[in-house]
Every structure is written in structure tokens, then in C-alpha cells.
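S.K.: Structure for the following, please:
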Amino acid sequence: MKNNLRLYLWGALALVLFYDYQLWMRDYAPPPTPASVTAEHAAPGTPASDLGNRIPQAAPTGTAASAPAEGSASAEGSASAPPAATANGSAAAPQDSAAPPPLHVRTDVLDVRISPRGGTLEQVDLPAYPKVKGEAAPVRLENHDDPQSLYELQSGLTGAAGAEYPSHLVTYTSERSDYALDGANELKVPLTWRADGVTVTKTFVFRRGQYRIGLDYEVSNNGSAPWSARPYLQILRDDPPTKRSYFNVESYAFHGPAIWDGTKYRKLDTASADDSRLSLDVRDGWLAAVQHHFLSAIVPPRGAPWHFGLGVQGAQYLLSATGPEQTVAPGGHAQFDITLFVGPKLQAQLDATAPELGHVADYGHLWFLARPLFLALSWVQNLTGNWGVAIILVTLLLKLVFYPLSEASGRSMAKMKTLQPRIKNLQETYADDREKLGRAMMELYKREKINPLASCLPVVIQIPVFIAFYWVLLESVEMRQAPFAFWIHDLSARDPLFILPIIMAGAMFVQYKLNPAPPDPVQAKVFMIMPLVMSATFAFFPAGLVLYWVTNTVLSIAQQWNINRRLGTAGAKKS
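M.R.: Numbering: from 1, shown residues only. Model (predicted):
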């Protein structure tokens, strides 16, 4: 048995070393070469920054759109789309230096800048979410001013070549340049475009407390011929790869484009040849630009077929969605309605915006454990008003759920501790014959009805819960910058004073002393230094995760002490 335990320890050490090697490779290995535009994907002479000027090319009037063959690039929103100079049969107007100023929109949760050129969301600030806790600068999503971090949400109508359409490259008019929600519950920001007897009113709808934004098009055809158009939306972003670091757990969160294709959630890799040519017809889907804790999402109406595409040029990508064509008869009217979401990954608002949009809060493969944990934490936090207290109480509830299993394991460890003198005697008796020692110890365990591996079971069961807790604390924006008490001002960041990891090391050492010592001296030394190794590893983890582990360890100590006391009392009475 001793040989088996030693083999397990060597195997565990090998796994830890392999995991460390993988982390090192992810942190410091050269990044993969991003997908770039080649002659196959773009017209000759296309500049590297041309993605933002592209308009999805609609199919000819009366022709149904079809998905391109697998492996080919899409004409809708992909890098293979024709340049803006040929889209819709007219050249895209350059940015006019005398263009009207952007519209400024303020709600209780959003501070938005909308460009009259195309009605593009070119700047979105989140006043309730500072970049750094205690500082005034808010998190900024859409960002037009910095070419190194360009981030825009474009939208428009497109159609057959040869006609004019209100794309994201034309200029709209607006009665006002400043809008504020003030005391109302809803704020509408209309922009107007007119050409050839067609009037299009593009309206953004903001609501109190909501990061969901309505986008409505009202089309009036006062011309003499039918007018056909398709709605489209595009997220243009410069998104260079994030350098991962063990000392910054946030760097391991996903950063890039993602979609729900109607059946599953897909995180797209812009460096992948397949993903960078995405061309997909989707019903009941959505697409998003995702980063840690925040996102910008496009949610088309359910039930209608939409085409999703992705184009990549260097570190810049264009994620697009193009809707079905509608024809407006002369004298007729039509409406196009789409939903946007720009803000934090608040679970309640995501779920209310679109089914499955909550997947952007990426809890990994153990989402089926993480989501109930988050719901439990949210429920307790609503009662207590403190996420740290919620972590402690939910840990206590988990301990109660697993109490029968922990009780059986604790009794086994307590019995093994009482056998330590007899085990030591066997070790001295068979010091020169390891095979006989192993058999004698197995006979002793069998006679005393003790399973030496039973004590490992609760630890094995805790590992998935621990990992799920890790992703809940890392990915849930609800806990971002959430304070606990005393020196812990942000449960999603590491303990600034490293006090919790020190408490964790002390608690784990007390737990080690309560449990029976391994019969092998080498194993005993490994278990003795384990508290130091674990606390050093946890030192850079989110403080909320360390709080969970400390709470769980303290509860385990109390439980084991009580079991040892009860068995000691029973043994004394029996004697």
C-alpha cells in the first residue's frame, strides 16, 4: 500500500509539473500568427484598415440568399466583401470635416456618443463601473478616438447594387445633439435619412436601468417604385491578443468574438483559418464582442433567418449579422427591429435580453455547477447585502449538504489516528521487509474495518466545486470590485496584504495535525509542507476564492475535532 501511495504522489507531482508547463507556454510562448487578409479574401489594393468601410452585399432583388460553400468566404460581413467604394453601387462618402457633431446620450447607466455618420455607436461609457476601484474613469466599451483600440457598433440598411441606402457610411440628420433620460423611464433618439422618396427613421431606444438598447427602423416609401432592403449590424474592433500572466487571473478570461448559432455557444478564434472565414445562416441566434466582465451584443429578432459573418485583418475583426430582405411597396411602410446589449454581463439582464445570452459569462465546462452556485450566492447576497458573507454562508450550506460523506470520512481518519501506535509497531517489526509490512497493514485495516482511501473522497468531490467557485468569482461581474470587510475591498482581486493566504496556511496546518500522519516519512513531509505550497499558490487568486477555502477548512477542522472528541469519549467508556 505504501508503494501505491508513493506512486500516487509521484503521479500527482507529474500532473502539477505538466500543468505548470502549460501555464508557462500560454504565458510566454510566442503567440500564433493571426489570420491575415490574402488575395483570396480581399480585393487587390484593399488597405489594412478597410474593414470598417465595408457594407454587406445584398443578393439581387428577387433572389434568395444562400450560404456560400464550405471553406469559402462570405460576402456578408466577411473579409471577402467588396470594398465600400463598390457597395450598393456608389462610392462611400469620406468623412466630412464639417460633419455635424456626435449625439450625446445619457441615461442612469450609460453615457453614449452616437455619430450622425451612419448612426454608429462610437463611444459607450459605463459610469457605474470604474476601471480602477476608487478612481473616476469609467469602463469604456465602444471607442472611436483611439485607433489602437478602435471599437464601434455599426448598423444600417443595404440592398441591391445601384440604389441608395442608409448604410453606416451615410450621414443622418437629428433634431437635437444632446439627449438625457432625466426622470423618464424611456428615451428615444431618432435619426432621419431621405433619398428618392424614401424616408428612413432610425431610432435608438434606451430604458432606465437597462443596458439593452432597442434599434428600430421605420421606412416610408413615398416613391413610385418598390424599395427593398435588408438590415445589417456590425461590430468592428481592434482586439490584439491579451498576454496571459499567472499574476493576473483576469488575463485568462476569454477576449474576442462569440456567437450563439441557434444550438450552441461558440467562442471564435480570429487566428483560426476556419473561424476567420465564418459564414453561417442562423435562426434565433446572436453575436457578441466579449471581454472580461463586459460585452457588446447584437440580438436579431427570433424566427427570422439571419446571416452571420466574420472578417479579420491583423488584430482587427468585423463581426456582422445581415437580416432577411423586406420590400416596401409605393406608399407603404415597413419596420425593422433589432436589440443591442452594451454593458456588463449581468445575469438577470442577459437572460431577459435573449435566451442563452448568459453563456457570455463563461463558467467553463463546469457551468452546470457554477450557475447553481451563482444563483445561491445571489440569493444569499440579496439577504445579507455582502458577497463575502454570501460566500461564507453558501460554503456552510455546501458543508451541510456533504455532511454525511464528510462524517464517514472523518470517522475513518479518526480511527486511523488511534491506530498510529500499532502502525508504528508494525513498521519497526517489518522494517526490512516492505512486502510483509504492506500485508500486515492491510490486515490491520481490514480487521478494524477502515478504508484508508475513504478520507480522500471528500477532497476529490470538493475539487469540481472549487473549480466552479473559481469561475463564478472570476467571471461574475456582480462580484467585480465587491468589498467584504476590513482590508478586503475587492473579492474578485487578490488579497492586497496576503493575510487570507496566511490564515489559509495556518488552518491547513491545524487540519493536517488533526488527521493521522501518513506511514511513509516522505509522504508525511510532503503533507507537512502542503499548506505552504497551497497558500503560495492561492496568494494571487481572487480573495473570494481564498475566503471560500479558508471557510471550508475551518469548518472541516471543527467537524474533525468534534469527531475525534466523540470517538475518544466512546473509546474511554469502552475501556
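
S.K.: Following element in sequence after the lowest-mean-pLDDT helix or strand in the chain, please.
M.R.: The least trusted helix or strand in the chain, going by mean pLDDT, DSSP states H and E, turns out to be helix 2-28, with a mean of 50. Of the helices and strands lying after helix 2-28 in sequence (DSSP states H and E), the nearest is strand 103-106.

S.K.: elements contacting that next one?
M.R.: In terms of contacts (3 or more C-beta pairs under 8 Å, 6 or more residues apart in numbering; DSSP states H and E), strand 103-106 is packed against strand 111-115, strand 178-180, strand 186-195. (Glycine included, C-beta is placed from N, CA and C.)

S.K.: Looking at stretch 217-230 now, give me its mean pLDDT.
M.R.: Mean per-residue pLDDT for stretch 217-230: 92.

S.K.: Regarding it, how distant is the last residue from the first?
M.R.: With C-alpha to C-alpha, to the nearest Å as the measure, stretch 217-230 spans 11 Å from end to end.

S.K.: hmm, back to that, let me have the helices and strands packed on strand 103-106 in JSON lines, extended by mean neighbour count.
M.R.: Listed next are the helices and strands packed on strand 103-106 as JSON lines, based on neighbours: other C-beta atoms under 10 Å:
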{"stretch": "strand 111-115", "mean neighbour count": "21"}
{"stretch": "strand 178-180", "mean neighbour count": "14"}
{"stretch": "strand 186-195", "mean neighbour count": "17"}
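
S.K.: Residue 163 is nearest to which of these?
M.R.: strand 186-195 (8.8 Å; C-beta to C-beta).

S.K.: Need the contact partners of the closest one.
M.R.: 103, 105, 107, 114, 116, 119, 164, 166, 170, 172-175, 179-181, 199-208 (C-beta atoms under 8 Å, 6 or more residues apart in numbering).

S.K.: Just the buried ones from those?
M.R.: Buried subset of those (neighbour count, 16 or more other C-beta atoms under 10 Å): 103, 105, 107, 114, 116, 119, 166, 170, 172, 174, 179, 181, 199-207.

S.K.: about what we covered before: nearest to residue 157, of the helices and strands packed on strand 103-106?
M.R.: Closest approach to residue 157 among the helices and strands packed on strand 103-106 is made by strand 186-195 (8.9 Å; C-beta to C-beta).

S.K.: re earlier: looking at the helices and strands packed on strand 103-106, which is closest to residue 471?
M.R.: Distances from residue 471 to each of the helices and strands packed on strand 103-106 were compared using C-beta to C-beta; the minimum, 30.2 Å, belongs to strand 111-115.

S.K.: Residue 546 contacts residue 502, doesn't it?
M.R.: No: Residue 546 lies out of contact with residue 502 (C-beta atoms under 8 Å); the separation is 10.1 Å.

S.K.: Quick one: low-confidence residue ranges for the chain.
M.R.: Filtered on pLDDT under 70, the chain yields the residue ranges 1-49, 57-99, 245-247, 249, 405-420, 448-459, 515-524, 567-575.

S.K.: what ranges do the helices span in it?
M.R.: 2-28, 347-353, 367-384, 387-401, 403-418, 420-429, 434-447, 457-475, 499-514, 521-538, 543-574 (DSSP state H).

S.K.: Tell me which of the ones you listed sits nearest to residue 272.
M.R.: For those, the distance to residue 272 is smallest for helix 2-28, at 16.6 Å, taking C-beta to C-beta.

S.K.: Spatially nearest residue to residue 340 (excluding sequence neighbours)?
M.R.: Closest residue in space to residue 340, ignoring its immediate chain neighbours: residue 213 at 4.3 Å, by C-beta to C-beta, 6 or more residues apart in numbering.

S.K.: Isn't the one you found up against residue 233?
M.R.: No: with contacts counted by C-beta under 8 Å, residue 213 stays clear of residue 233, the gap being 11.4 Å.

S.K.: shared neighbours of those two, which are they?
M.R.: The contact sets of residue 213 and residue 233 overlap at residue 340 (C-beta under 8 Å, 6+ apart).

S.K.: So for residue 172, what's the nearest residue that isn't a sequence neighbour?
M.R.: Nearest one to residue 172, counting by C-beta to C-beta, 6+ apart, is residue 191 at 3.7 Å.

S.K.: Same question for residue 551.
M.R.: residue 395 (4.4 Å).

S.K.: do you know how far that neighbour is from residue 502?
M.R.: Using C-beta to C-beta, to the nearest Å, residue 395 is found at 19 Å from residue 502.

S.K.: Of the two, give the one with the bigger neighbour count.
M.R.: The neighbour count for residue 395 versus residue 502, taken as other C-beta atoms under 10 Å, is higher for residue 395 (21 against 13).

S.K.: show me the contacts for that one.
M.R.: Residue 395 neighbours (C-beta under 8 Å, 6+ apart): 548, 551, 552, 555.

S.K.: and of these, the nearest to residue 470?
M.R.: Closest approach between the contacts of residue 395 and residue 470, by C-beta to C-beta: residue 548, at 8.9 Å.

S.K.: contacting residues around that closest one?
M.R.: By C-beta under 8 Å, 6+ apart, residue 548 lies in contact with 391, 395, 466, 469, 473.

S.K.: just residue 142 next, same as before
M.R.: Shown in contact with residue 142 (C-beta under 8 Å, 6+ apart): 113, 121, 122, 123, 124, 151, 152, 153, 296, 342.

S.K.: Which strand residues bridge the closest residue to it other than its chain neighbours?
M.R.: Excluding the flanking residues, the one nearest residue 142 by C-beta to C-beta, 6+ apart is residue 124, at 4.3 Å. Here residue 124 sits in beta bridges with residue 112, as judged by DSSP bridges.

S.K.: Could you report the neighbour count for residue 124?
M.R.: Counted with other C-beta under 10 Å, residues neighbouring residue 124 total 26.

S.K.: and if you look at residue 436?
M.R.: Residue 436 sits with 12 neighbouring residues when counted by other C-beta under 10 Å.

S.K.: How about residue 325?
M.R.: By the criterion of other C-beta under 10 Å, residue 325 has 19 neighbours.

S.K.: wait, it sits on residue 228?
M.R.: Yes: here residue 325 reaches residue 228: they are 5.4 Å apart, a contact under C-beta under 8 Å.

S.K.: Give the buried residues for stretch 533-553.
M.R.: So for stretch 533-553, counting by 16+ other C-beta under 10 Å, buried means 534-535, 538-553.

S.K.: roughly how far is it from the heart of the chain?
M.R.: Distance of stretch 533-553 from its chain centroid, counting by C-alpha atoms, centre = their mean, to the nearest Å, is 22 Å.

S.K.: Quote the end-to-end distance of it.
M.R.: Span of stretch 533-553 from end to end, C-alpha to C-alpha: 15 Å.

S.K.: Could you dump the contacts of residue 548 into CSV and include distance to residue 261?
M.R.: Formatted as CSV, those follow (distance: C-beta to C-beta, whole Å):
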residue, distance to residue 261
391, 35
395, 37
466, 32
469, 30
473, 29
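
S.K.: Out of those residues, which end up buried?
M.R.: Those of these that meet the buried threshold are 391, 395, 469, 473, by 16+ other C-beta under 10 Å.

S.K.: Determine which two of those residues are furthest apart.
M.R.: Largest separation among these by C-beta to C-beta: 395 and 473, giving 12.3 Å.

S.K.: Residue 465: how many residues sit nearby?
M.R.: For residue 465, the neighbour count with other C-beta under 10 Å is 19.

S.K.: Could you report the distance from it to residue 281?
M.R.: Going from residue 465 to residue 281 by C-beta to C-beta gives 40 Å.

S.K.: List the residues that contact the residue lying closest to residue 497 once chain neighbours are set aside.
M.R.: Distances taken as C-beta to C-beta, 6+ apart put residue 487 closest to residue 497, at 5.3 Å, once the chain neighbours are dropped. By C-beta under 8 Å, 6+ apart, the contact set of residue 487 is 495, 496, 497, 499.

S.K.: how about 10 Å then?
M.R.: 495, 496, 497, 499, 500, 543 (C-beta atoms under 10 Å, 6 or more residues apart in numbering).
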